[in-house]
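[1] Provided below for reference: sequence and predicted model.
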Amino acid sequence: MEAKSGREDTAPGPTAYDRAQQPLVVEDLSYAYGKRQALSENSFSLTPGRVTALLGPNGAGKTTLFSLITGLFDSRRGEIEIAGHKLRSNRSKALSQLGIVFQAQTLDLDLTVDQNLRYFAALRGLSRTAARERIAVLLNQIDLAGHARTKVRNLSGGERRRVEVARALIDQPAVLLLDEPSTGLDIATRRWLIEHLHYLAKEEGICVFLATHLVDEVAPEDDLIVLNKGIIVARGKVDDVVRSAGAATLDEAFTRLTIAPEEQSP
Amino acid sequence: MTMSHASRALLAILARELLRFVQQRGRFLAALVRPLIWLLVFAAGFRASLGLSIIPPYETYITYDVYVVPGLIGMIQLFSGMQNSLSMVYDREMGSMRVLLSTPLPRGFLLIARMFSGTVVSIIQVYAFILIAAFFGTPLPSSGLLPLLPVLVLTGMALSALGMFLSSRVRQLENFAGVMNFLIFPMFFLSTALYPLWRIREGSVTLYHLCQYNPFTYVVELIRFTIYGQPNLPALGVVTATLVIFGAAALIGYTPARGGPTAGRAAA
């Protein structure tokens, strides 16, 4: 990842992201809501320039895991490292390497697309010039260059999601985190989104971490982590996961890995 | 976080708040109409019947509408502070709070920036109210208007901190609306906003003591004394303490390690 532009504190130096570093490392991470254990001692790392799908049924712990990685939750059990910066001890630098698309849509409806992106760029410390240039590039990338002055309220759900992806990329993060981003989208927008994520990984070297419960959103070339009841039950290339589950398809493997044998249909 | 990053972020949060304020004309009107009704209807009725003795900071007899203006300025800031915290709860419910809290900015900075931007909006409302009050025949001493500005920053921040603390403890928008009603009206009525303490003591000693323990009383008195060019150190102390205590409590409330409101809200 090239050094970020427009921010004094991210010029090449201690915060510049080194491609050789693993973009995201999670070690022995656990989290509980009171007495209910949501995540149990999970460890994994991600590779730059690849899409990693976090596949799990509803309630598996995907959103909890993302909330921990984004610093919204704090767990004293386990460690999270983003682009070489430990989240617990170096929160600011760790989060500066993270772009996030939350499950719920989080744009300000009363602001225009441009105002939303400028607001977020300023929160990330980008100068006006850097923000303007970056926003122009990103709006072109998501085919919304003509909508810069449109209020978000007047955009479709799919267009809003595109803007959220652009917003997450405003500061050229090392890791792009997306929590079930296709929720509520039509098929065409879903397809665009998944293709765009692969483009970002392949062409821009971004590490894309995509949480989903839909098997058809996982491409054969993706890396895969299967989470069930707060525990990683399988991890690796899609083919390897399917093979190790003794299944013929990912759909079948997912069912075997996440549903108890007595609950599976014959 | 560098200074330039902090200033850009602060300006962005302030600009967003001002933009929303400008777009929500109803909010501006409501903020002005509320105290104006008190001034033009309530105070006009009491003007003839309620006599006020000479009490500091006033050096002569004053009419009731003159007495009530500092309380109404406090009322504007009280409602604005609560509105700001309500918008925090709304942002949290809608998810946009997550976007803010997951930026690489310290949470303390983000909370202070939100409180400050809400305070700036309340100050605009206050000066608009002062202008309209003067137009309707209740002018304030012009010498007090400039010194009032830093005091309004302090009182606005203190009331925002209180609202922020409440927003960190209340998990749902509907509940927060209830809490606001339970808080705003007792705070306003059990203070020196409408009557001086000696008048309240004449009516009820219990109410008098409640007013004495109400931080809003000191907000109103600090505003009142500043307008008339007199120091009020006890009020300054209580308002500063309110800011520090509730600001710290809000910060703790929004810290995820301590089970802040962003924690535990996501569906696992």
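    Yep, it's here.
[2] so where is the stretch 101-250 of chain B shaky, pLDDT-wise?
    B:171, B:173 (pLDDT under 70).
[3] That one: helices as residue ranges?
    For the stretch 101-250 of chain B, the helices defined by DSSP state H, counting those that start in this stretch occupy B:107-135, B:145-169, B:173-189, B:197-203, B:205-212, B:215-227, B:233-253.
[4] out of those helices, deepest packed?
    Counting by mean count of other Cβ atoms under 10 Å in any protein chain shown, helix B:215-227 has the highest mean neighbour count of the helices of the stretch 101-250 of chain B, with a mean of 26. (Each C-beta comes from the backbone N, C-alpha and C, glycine too.)
[5] hmm, who's touching that helix?
    Residues from elsewhere that reach helix B:215-227 (Cβ atoms under 8 Å, 6 or more residues apart in numbering or on different chains): B:56-57, B:69-71, B:73-74, B:77-78, B:140-141, B:144-145, B:147-148, B:151-152, B:154-155, B:158-159, B:162, B:187-188, B:190-193, B:197, B:211, B:231-232, B:234-236, B:238-239, B:242.
[6] quick one: it to chain centroid distance?
    From the chain centre to the centre of helix B:215-227 is a distance of 11 Å (Cα atoms, centre = their mean, to the nearest Å).
[7] Could you do stretch A:123-131 as well?
    Between the centre of stretch A:123-131 and the centre of its host chain there is 22 Å, according to Cα atoms, centre = their mean.
[8] now do stretch B:109-119
    13 Å.
[9] can you tell me which residues contact the spatially closest residue to A:Ala245 that is not a sequence neighbour?
    Excluding its sequence neighbours, the residue lying closest to A:Ala245 (Cβ to Cβ, 6 or more residues apart in numbering or on different chains) is A:Ala253, at 3.8 Å. By Cβ under 8 Å, 6+ apart, A:Ala253 lies in contact with A:Val226, A:Ala234, A:Val241, A:Val242, A:Ala245, A:Ala247.
[10] which one of those is nearest B:Ser96?
    Set against B:Ser96, the nearest of the contacts of A:Ala253 by Cβ to Cβ is A:Val226 (30.9 Å).
[11] So for whichever strand or helix holds that closest one, what gets flagged as buried?
    If you go by DSSP states H and E, A:Val226 is part of strand A:223-228. Residues of strand A:223-228 classed as buried by neighbour count (16 or more other Cβ atoms under 10 Å in any protein chain shown): A:Asp223, A:Leu224, A:Ile225, A:Val226, A:Leu227, A:Asn228.
[12] could you point out which element follows that strand?
    Heading C-terminal from strand A:223-228, the first helix or strand you meet, by DSSP H and E, is strand A:231-237.
[13] Now do whatever helix or strand comes next after that following strand: everything it contacts.
    Where DSSP H and E defines the elements, the next helix or strand beyond strand A:231-237 is helix A:238-244. Outside helix A:238-244, the residues that touch it by Cβ under 8 Å, 6+ apart are A:218-224, A:226, A:234-236, A:248-250, A:252-253, A:257.
[14] related to what we said a few turns ago, out of the buried residues of strand A:223-228, flag the one nearest to A:Val208.
    Of all the buried residues of strand A:223-228, A:Val208 sits closest to A:Asp223, with 9.8 Å by Cβ to Cβ.
[15] host element of the closest residue to the closest one other than its chain neighbours?
    Of all residues not flanking A:Asp223 in the chain, A:Thr52 sits nearest, at 4.2 Å (Cβ to Cβ, 6+ apart). Using DSSP H and E, A:Thr52 maps to strand A:51-55.
[16] Name the residues that touch that strand?
    Here strand A:51-55 makes contact (Cβ under 8 Å, 6+ apart) with A:46, A:62, A:65, A:197-198, A:201, A:207-213, A:215, A:217-219, A:221-227, A:254.
[17] Near chain A, which residues of the stretch 101-250 of chain B? Just list them.
    B:Leu101, B:Ser102, B:Thr103, B:Pro104, B:Leu105, B:Pro106 (Cβ under 8 Å from any Cβ of the partner chain).
[18] Now do the contacts for the fifth one.
    Applying Cβ under 8 Å, 6+ apart, we find B:Leu105 in contact with A:Ser92, A:Leu123, B:Met1, B:His5, B:Ala6, B:Ala9.
[19] quick one: the fourth one from chain A, how far?
    Remark: distance between B:His5 and chain A (Cβ to the nearest Cβ, to the nearest Å) = 4 Å.
[20] Equivalent analysis for the third one, please.
    B:Met1 is 6 Å from chain A, where distance means Cβ to the nearest Cβ.
[21] State the three-state secondary structure for that residue.
    coil (DSSP: H, G, I helix; E, B strand; the rest coil).
[22] dump the residue contacts of it.
    The neighbourhood of B:Met1, defined by Cβ under 8 Å, 6+ apart, consists of A:Asp9, A:Ser92, A:Gly125, B:Pro104, B:Leu105, B:Pro106, B:Phe109.
[23] how about JSON lines for those, with distance to A:Leu24 added?
    Below are the contacts of B:Met1 laid out as JSON lines (distance: Cβ to Cβ, whole Å):
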{"residue": "A:Asp9", "distance to A:Leu24": "21"}
{"residue": "A:Ser92", "distance to A:Leu24": "17"}
{"residue": "A:Gly125", "distance to A:Leu24": "21"}
{"residue": "B:Pro104", "distance to A:Leu24": "16"}
{"residue": "B:Leu105", "distance to A:Leu24": "21"}
{"residue": "B:Pro106", "distance to A:Leu24": "22"}
{"residue": "B:Phe109", "distance to A:Leu24": "25"}
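[24] Of these, which is the most crowded?
    A:Gly125 (27 neighbours; other Cβ atoms under 10 Å in any protein chain shown).
[25] Grab the nearest non-local neighbour of it.
    Computed as Cβ to Cβ, 6+ apart, the closest residue to A:Gly125 that is not its neighbour in sequence is B:His5, at 3.5 Å.
[26] how far away is the one you found from A:Lys151?
    Distance, B:His5 to A:Lys151, using Cβ to Cβ, to the nearest Å: 28 Å.
[27] out of those two, which sits in the busier spot?
    Using other Cβ under 10 Å, the more surrounded residue of B:His5 and A:Lys151 is B:His5, with 24 against 16.
[28] re the thing from before, possible to save the helices of the stretch 101-250 of chain B as TSV with distance to A:Gln105?
    As requested, the helices of the stretch 101-250 of chain B are exported to TSV (distance: least, Cβ to Cβ, whole Å):
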stretch	distance to A:Gln105
helix B:107-135	21
helix B:145-169	21
helix B:173-189	17
helix B:197-203	50
helix B:205-212	45
helix B:215-227	38
helix B:233-253	26
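[29] Using CSV, list the CA coordinates for the longest helix along chain A.
    Counting by DSSP state H, the longest helix found in chain A is helix A:187-204. The C-alpha trace of helix A:187-204 is given here as CSV (Å, rounded to 0.1, in the frame of the first residue of the first chain):
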residue,chain,number,x,y,z
ILE,A,187,-29.3,-8.9,-7.1
ALA,A,188,-27.6,-6.4,-9.6
THR,A,189,-26.2,-4.3,-6.8
ARG,A,190,-25.0,-7.3,-4.9
ARG,A,191,-23.2,-8.6,-7.9
TRP,A,192,-21.6,-5.1,-8.5
LEU,A,193,-20.5,-5.0,-4.9
ILE,A,194,-18.9,-8.4,-4.8
GLU,A,195,-17.1,-7.7,-8.2
HIS,A,196,-16.0,-4.3,-6.9
LEU,A,197,-14.5,-5.9,-3.7
HIS,A,198,-12.5,-8.3,-5.8
TYR,A,199,-11.3,-5.4,-8.0
LEU,A,200,-10.2,-3.5,-4.9
ALA,A,201,-8.3,-6.6,-3.6
LYS,A,202,-6.7,-7.4,-6.9
GLU,A,203,-5.9,-4.0,-8.4
GLU,A,204,-5.4,-1.9,-5.3
